[in-house]
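J.: Kindly generate the corresponding structure for this input.
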Amino acid sequence: MSKRITIKQIAQALHVSISTVSKALNDSYEISDETKKKIQEYAKLHKYKPNTLALSLQNKKTKTIGILIPNILAYYFARALRGIEKVAAERGYNLITCITNESYKKEVDTVEMLSNGSIDGFIACLSVETLKSEKFEHFQDIINDGTPLVLYDRVHKDIHCDKVVTDNIKSAYKATRYLMKSGCENIAIISTTEGLNINKFRKKGYLKALTKYNLEINEELIIRQEGEENLKERINTMLDNNKVDGIFTVDEISGAITIQVLNERGIKIPEEMSIIGFTNGMLSRYSSPPLTSVNRFAHTTGEVAARRLIDKIEEKIAFEDVTTEIIRTKLVERESTKKLFLKF
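T.: You can find the predicted model right below:
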């Protein structure tokens, strides 16, 4: 296998200076169009590729971003990564993507590994264990070192950095209100990720809607737990002992399991029971019936996070300029809810 051709070899072959070749390959206005064309065509013919390591040492930039994802199996995070990749490619950046699997230790180890000069900045979503422990020293250390950090989706007020989040309270309020508009009066809420603040915010939005429109808050209609174990049994118990005509599920797994239970019980959706879920993923689209869902625009979240980080890296925004950007949601109406007929 032949060695990769260098700028020096191109310069020798075309009898020009190394500086001229470098400027031509970077499309500099200082070089004539004729010379640029000749050099660029020669480089392409001989499959020239820039030495990114050398460039990073020269520019003190790696043009690489570290991405921390807590769970790659979740549709939301996969879509967010697509958004990050899109912007990174447009701006000429590479990604090192690491999956923490909701582990605090793995998150710490990953941050330490990439903080040795391998990357120019981080885009991260906090793991469940990190949020529960409320230990954020690893992120504070990289901020203190002057490394830009953008958190998305799962964030915490004690980490002073840029954040991109969903408007969870307002979105849950609107989803619950939609169920009311469709005629529901006994609305349950179900969650399998109780340890996350984002789901506490969604519960807050649900309770806010019930309170505003004078519907009774029945604690027996509130199912909150970690994971999906025994969720079917809890839903069945709730339905056995309570009148329920609407269900708001604050995560996609809860929505899929709830629809399965209702189908097994022979409950007609939406004639006898309306259901709305959060996160407009594959499970929502292909459940039976398809689930009306809150679309969180994960792709947009990734794009916004990537633009913010790269602008920080390129010093288009001051490092001290920290902001929280809120991504608005939209309710995608499908067959799990009745058509609206009430107005509030």
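
J.: Phi first, then psi, for N230.
T.: When read as degrees, to the nearest 10, the backbone of N230 gives phi 60, psi 10.

J.: what pLDDT does it get?
T.: We have a pLDDT of 93 for N230.

J.: do V164 as well
T.: Looking at V164, its pLDDT is 98.

J.: Tell me the buried residues in stretch 331-342?
T.: Under the neighbour-count criterion of 16 or more other CB atoms under 10 Å, stretch 331-342 has L331, V332, R334, S336, T337, K338 buried. C-beta here means a position set from N, CA and C on the backbone, and glycine is covered the same way.

J.: Farthest-apart pair in the residues you listed, please.
T.: With CB to CB as the measure, no two of the buried residues of stretch 331-342 lie farther apart than V332 and K338, at 15.3 Å.

J.: how close does the residue lying closest to L25 once chain neighbours are set aside sit to Q12?
T.: Spatial nearest neighbour of L25, excluding adjacent residues (CB to CB, 6 or more residues apart in numbering): A43 at 6.2 Å. Distance, A43 to Q12, by CB to CB, to the nearest Å: 13 Å.

J.: Settle it for me: which of those two has more neighbours?
T.: A43 (19 against 12; other CB atoms under 10 Å).

J.: Remind me which helix or strand the residue most central in space within the chain belongs to.
T.: For the chain, the residue sitting closest to the mean C-alpha position, by CA atoms, centre = their mean, is A80 at 3.9 Å. In this structure, A80 sits in helix 75-90 according to DSSP states H and E.

J.: what does that helix rub up against?
T.: Defining contact as CB atoms under 8 Å, 6 or more residues apart in numbering, one finds that helix 75-90 is touched by 65, 67, 69-72, 94-95, 97, 123, 125, 152-153, 252, 279, 281-283, 296, 298-307, 310.

J.: in the sheet, who's paired with L331?
T.: When bridges are called by DSSP bridges, L331 pairs up with V294.

J.: now it: how far from I269?
T.: For L331 relative to I269 (CB to CB), the value is 17 Å.

J.: so what pLDDT did G195 get?
T.: pLDDT at G195 comes out at 68.

J.: Apologies, that question was intended for T52.
T.: pLDDT recorded at T52 is 54.

J.: Likewise for the one 4 residues further on?
T.: In the predicted model, S56 carries a pLDDT score of 53.

J.: Same check on the one 5 residues further on?
T.: For K61, the pLDDT comes out at 77.

J.: Run a quick check on it versus G121, I expect a contact.
T.: No. Using CB atoms under 8 Å as the test, K61 is too far from G121 to be in contact (10.1 Å).

J.: So if I had to pick from these two, which one is more boxed in?
T.: Set side by side, K61 and G121 show more neighbours around G121, with 22 against 14, by other CB under 10 Å.

J.: who touches the more buried one in this structure?
T.: G121 touches I65, G66, T147, P148, L149, V150, L309, I310, K312, I313, counting by CB under 8 Å, 6+ apart.

J.: Count the residues that sit near L239.
T.: For L239, the count of nearby residues is 19 (other CB under 10 Å).

J.: Make 509 the starting number, not 1.
T.: Happy to do that; since the first residue is 509 now, the last one works out to L747.

J.: Name the nearest residue to it, ignoring sequence neighbours.
T.: L747 sits nearest to R773 (CB to CB, 6+ apart), 6.8 Å away.

J.: what about that neighbour, distance to T837?
T.: 30 Å.

J.: More neighbours: those two, which one.
T.: Using other CB under 10 Å, the more surrounded residue of R773 and T837 is T837, with 22 against 13.

J.: Now the more buried one: closest residue in space that isn't a chain neighbour?
T.: Spatial nearest neighbour of T837, excluding adjacent residues (CB to CB, 6+ apart): S679 at 4.3 Å.

J.: how close does that neighbour sit to H807?
T.: S679 is 17 Å from H807, by CB to CB.

J.: One more: I834?
T.: 16 Å.

J.: And these two? Which one has more around it.
T.: In this view I834 and H807 are compared by other CB under 10 Å, and H807 has more residues nearby, 17 against 13.

J.: What residues does the more buried one make contact with?
T.: Contacts for H807 (CB under 8 Å, 6+ apart) come out as R587, A588, R590, G591, K594.

J.: Could you give the average pLDDT over the host helix or strand of L659?
T.: L659 is part of strand 657-660, with elements assigned from DSSP H and E. Per-residue pLDDT over strand 657-660 has a mean of 98.

J.: can you list contacts of that strand?
T.: With CB under 8 Å, 6+ apart, strand 657-660 has contacts from 588, 629-634, 647, 650-651, 667, 669-673, 809-810, 813, 816-817, 820.

J.: Next secondary structure after it?
T.: Following strand 657-660 in sequence, per DSSP H and E, is strand 670-674.
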